[in-house]
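> When you get a sec, could you give me coordinates for this:
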Amino acid sequence: MFSIRANILKKACSVLGRGHRGDRKVKDKVIEGTLKKIEIDEAVTDLNVAGGVEDMYGEDLASQDQPITPWTMTVASGHALMRDPHHNKGIAFTEKERDAHYLRGLLPPATFSQDLQVKRFMHIIRKYDVPLHKYIAMIDLQERDERLFYKILIDHVEELLPIVYTPVVGEACQKYSEIFMRPQGLYISLKEKGRILEVLKNWPEKSVQVIVVTDGERILGLGDLGCQGMGIPVGKLALYTALGGIRPSACLPITIDVGTNNKKLLEDEFYIGLRHKRATGQEYAELLEEFMTAVKQNYGEKILIQFEDFANHNAFELLTKYRSSHLAFNDDIQGTASVVLSGLLASLKLIGGTLADHTFLFLGAGEAGTGIAELIALEISKQTNDPVEQCRRRVWLVDSKGLIVESRKDTLQHFKQPWAHEHEPVKGLLEAVKAIKPTVLIGTSGVGKTFTKEVIEAMASINEKPLILALSNPTSQSECTAEEAYTWSEGRAIFASGSPFDPVEYNGKVFTPGQSNNAYIFPGFGLGLIMSGTIRVHDDLLLAASEALASQVTEENYKKGLIYPPFTNIRQISAHVAAKVAAKAYELGLASRLPRPRDLYKFAESCMYSPVYRSYL
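Numbers count the residues shown, from 1 in each chain. Okay, the predicted model is just below:
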């Protein structure tokens, strides 16, 4: 018994000597606490229960209900180094590194370069037939070898983007409790009410610059997935790093769990979230208020908070409430709007005219639809100097009850009311197309197969080159497929979607559909805010991001019918977006990082995280 206590004291003094030199009081308190926490049950000792080889902490000699101290080593060497995803290089550790960090014998004798490891992993993952298995493999790699994960994602972005984000992330969220292995990010539930600041301090990284937060109520087009919505913040922040160059340690995914109204999840024995109906009203508002206050208190004024996949009734209210007091951004409302506006600006070279010359019809009047509509009106107002109220008349919205018109205004939610124009009531989408005669049809309904053959044919009869944007995610919820858009328009449609579609051959010609993916905007947008020290998100910053992205579409892209550039150059695109956003922030007096860099594009590139392995010698 004495020898065990002596070893415990020796270990405590050893660790404290490294971590608290000169602080005698701290040492005494920790040693005293250690002795209190590790009282060895003498009865167990009498039973000759083996303590293992040098059972330094008495863990194996303790009874089942005896508390022990979970000591950890802080020196990154040996197994500890290999299990740290921030520093692990796997088989890429050099001979000298293996000797210097006690890795000799812990790895196979071969030494691979990082590029060879990339090649090896892609060889493995391409053998998987099930997309969800590829997703699990990628997440597992992220948890083992962070730099290799981002190197692979950057080098193979077009192939892997649909895996780590939409559409596969949707299935991952639906099955998140089943595939859950290791927690990623912070889970803040109603249990933590009154202690959220304390919870934030539990996160090991202290220099956080961007938070992506969801409450899981409206995950893509899949509905209420509760705590399982964590896949969205995790995926978004992976793209912040891979595409926008934000350091992984500066990214914090958060899920706020207030319950779920999904009966299937509540009855699932493996569900990882709170098992009760969603909190609403004052209880919900107080939790979010505490969260927003704690975030700024813990991380400062310039922490970027990105709201993700909140239901309409909360999304608009939260953005309106906090955009003037926080650096807050809603990707579903503002990010989607910015990337769609960019596609519209780029498409003008194919369909002709100015933005003000076109008529826009939306199917879906939620946060995405109204957010896009408002940004279109703001851009038209900017180009024409007409009041934004007048510019809104170029935009029409259809919801589940038909065309939004003036006679319905008293029964509409507040965010739909600006789009209630003078017109006779119209019931369905096809009737609205015939009545309004739009040049652009945009789907944000979250309901698949709603752009029917009759709707596309009607658009094609009105326009020589109808612009069809089927934006709902994941692929199963898309308003129509690329093949349907091209076939039903007799090859005349310009098409883009929220989820990716393969090229389509029609009448001997190959059409390459574009993807109106928020990943074109939010990583570069966030980088621009962070690198300039911007303190608030202004609508003009979103317009600047849209214009920057549209400028990256080349003549070669236009010849293929594309209105977005390929993802192969996404880091350069993000740097251009960041530079334009930062420039506008400086112009508006919202940037706090002074003096302003001379070349914002080069500065953006210099700020980007590199996933290349570092030498540990």
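> any idea how far the residue most central in space within the chain is from Lys264?
Centroid-nearest residue in the chain, with C-alpha atoms, centre = their mean: Lys236, separated by 1.5 Å. As judged by C-beta to C-beta, to the nearest Å, Lys236 and Lys264 stand 25 Å apart. The C-beta positions use only the backbone N, C-alpha and C, and glycine is treated the same way.
> picking up where we left off before, pull up the gap between the residue nearest to the centre of the chain and Thr260, please.
20 Å.
> again, but for Leu363
27 Å.
> secondary structure element for the closest residue to Ile163 other than its chain neighbours?
Closest residue to Ile163 apart from its sequence neighbours, by C-beta to C-beta, 6 or more residues apart in numbering: Lys134 at 4.9 Å. Take DSSP states H and E as the rule and Lys134 turns out to sit in helix 131-144.
> What's the mean pLDDT across that helix?
Averaging pLDDT along helix 131-144 gives 97.
> who touches it?
Helix 131-144 is contacted from outside by 85, 88, 90, 121, 124-125, 128, 148-149, 152-153, 160, 162-164, 168-169, 171-172, 175, 179, 181-182, 184, 234, 238, using C-beta atoms under 8 Å, 6 or more residues apart in numbering.
> Report the next helix or strand after it in sequence order.
Note on helix 131-144: by DSSP H and E, the next helix or strand toward the C-terminus is helix 146-155.
> mind checking how far the nearest residue to Thr260 once chain neighbours are set aside is from Leu429?
In space, Thr260 comes closest to Gly226 once its chain neighbours are excluded; the distance is 3.1 Å by C-beta to C-beta, 6+ apart. Gly226 is 31 Å from Leu429, where distance means C-beta to C-beta.
> Next: Gly78.
Distance from Gly78 to Leu429, by C-beta to C-beta: 63 Å.
> Of those two, give the one with the bigger neighbour count.
Leu429 (24 against 15; other C-beta atoms under 10 Å).
> For the more buried one, give me phi and psi.
In terms of degrees, to the nearest 10, the main-chain angles of Leu429 are phi -70, psi -50.
> residues contacting it?
Contacts of Leu429 by C-beta under 8 Å, 6+ apart are Leu363, Val398, Thr450, Phe451, Val455.
> pLDDT wise, what is the nearest residue to the residue nearest to the centre of the chain once chain neighbours are set aside at?
Leaving aside its sequence neighbours, Lys236 sits nearest to Val212 (C-beta to C-beta, 6+ apart; 4.6 Å). pLDDT recorded at Val212 is 98.
> Enumerate every residue touching Val212.
Contacts of Val212 by C-beta under 8 Å, 6+ apart are Ile232, Pro233, Lys236, Leu237, Tyr240, Cys251, Leu252, Pro253, Ile254, Gln306, Glu308.
> So, low pLDDT: which residues of the chain?
Where the chain drops to pLDDT under 70, the residues are 1-75.
> Show me where it has its strands.
With DSSP state E as the criterion, the chain has strands at 186-189, 210-214, 251-257, 304-307, 327-330, 360-363, 395-399, 402-403, 440-443, 467-470, 494-497, 504-506, 509-511, 514-515.
> Would you convert those into a markdown table that also reports distance to Met292?
Below are these laid out as a markdown table (distance: least, C-beta to C-beta, whole Å):
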| stretch | distance to Met292 |
| --- | --- |
| strand 186-189 | 12 |
| strand 210-214 | 9 |
| strand 251-257 | 11 |
| strand 304-307 | 7 |
| strand 327-330 | 8 |
| strand 360-363 | 30 |
| strand 395-399 | 30 |
| strand 402-403 | 37 |
| strand 440-443 | 31 |
| strand 467-470 | 33 |
| strand 494-497 | 34 |
| strand 504-506 | 45 |
| strand 509-511 | 45 |
| strand 514-515 | 32 |
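> Can you tell me which of these is nearest to Gln572?
strand 514-515 (17.6 Å; C-beta to C-beta).
> list the helices and strands that closest one packs on?
strand 494-497 (3 or more C-beta pairs under 8 Å, 6 or more residues apart in numbering; DSSP states H and E).
> Going by neighbour count, which residues in the strand it packs on are buried?
Ile494, Phe495, Ala496, Ser497 (16 or more other C-beta atoms under 10 Å).
> List the contacts of the last one.
Going by C-beta under 8 Å, 6+ apart, Ser497 touches Leu469, Ala470, Leu471, Ser478, Ala482, Pro513, Gly514, Gln515, Ser516.
> Among those residues, which one lies nearest to Leu327?
Ser516 (25.1 Å).
> That closest one: neighbouring residues, count only.
25.
> How about Lys191?
11.
> Kindly report the same for Glu97.
16.
> ok, now which ones touch it?
By C-beta under 8 Å, 6+ apart, the neighbours of Glu97 are Lys89, Leu103, Ser615, Tyr616, Leu617.
> now swap in Ala575 and tell me
Gly245, Gly524, Leu527, Tyr601, Ala604, Glu605, Met608.
> What residues of stretch 532-541 count as buried?
Result for stretch 532-541 [16+ other C-beta under 10 Å]: buried residues Ser532, Gly533, Thr534, Arg536, Val537, Asp539, Asp540, Leu541.
> was I right about the first one contacting Ala585?
So that's Ser532. Yes: between Ser532 and Ala585 there is a contact under C-beta atoms under 8 Å: 4.8 Å.
> returning to that earlier point: if I pick the residue nearest to Thr260, what's in contact with it?
Gly216, Asp257, Gly259, Thr260, Asn262, Leu265, Tyr271, Gly273, Leu274.
> Kindly recompute the last result at 10 Å.
173, 176-177, 215-217, 219, 255, 257-262, 265-266, 271-275, 278 (C-beta atoms under 10 Å, 6 or more residues apart in numbering).
> Which of these fall in helices?
Cys173, Tyr176, Ser177, Leu265, Leu266 (DSSP state H).
> any chance of those in JSON lines, plus distance to Gly194 and neighbour count?
Below are these laid out as JSON lines (distance: C-beta to C-beta, whole Å; neighbours: other C-beta atoms under 10 Å):
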{"residue": "Cys173", "distance to Gly194": "29", "neighbour count": "26"}
{"residue": "Tyr176", "distance to Gly194": "27", "neighbour count": "27"}
{"residue": "Ser177", "distance to Gly194": "27", "neighbour count": "18"}
{"residue": "Leu265", "distance to Gly194": "26", "neighbour count": "23"}
{"residue": "Leu266", "distance to Gly194": "25", "neighbour count": "16"}
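> Distance to Lys296 for these - can I get that in CSV?
Shown next, in CSV, are those (distance: C-beta to C-beta, whole Å):
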residue, distance to Lys296
Cys173, 28
Tyr176, 29
Ser177, 32
Leu265, 32
Leu266, 33
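> Out of these, which is nearest to Trp419?
Cys173 (30.3 Å).
> Number of residues surrounding the nearest residue to the closest one once chain neighbours are set aside?
Computed as C-beta to C-beta, 6+ apart, the closest residue to Cys173 that is not its neighbour in sequence is Gly231, at 4.2 Å. If you count neighbours by other C-beta under 10 Å, Gly231 ends up with 31.
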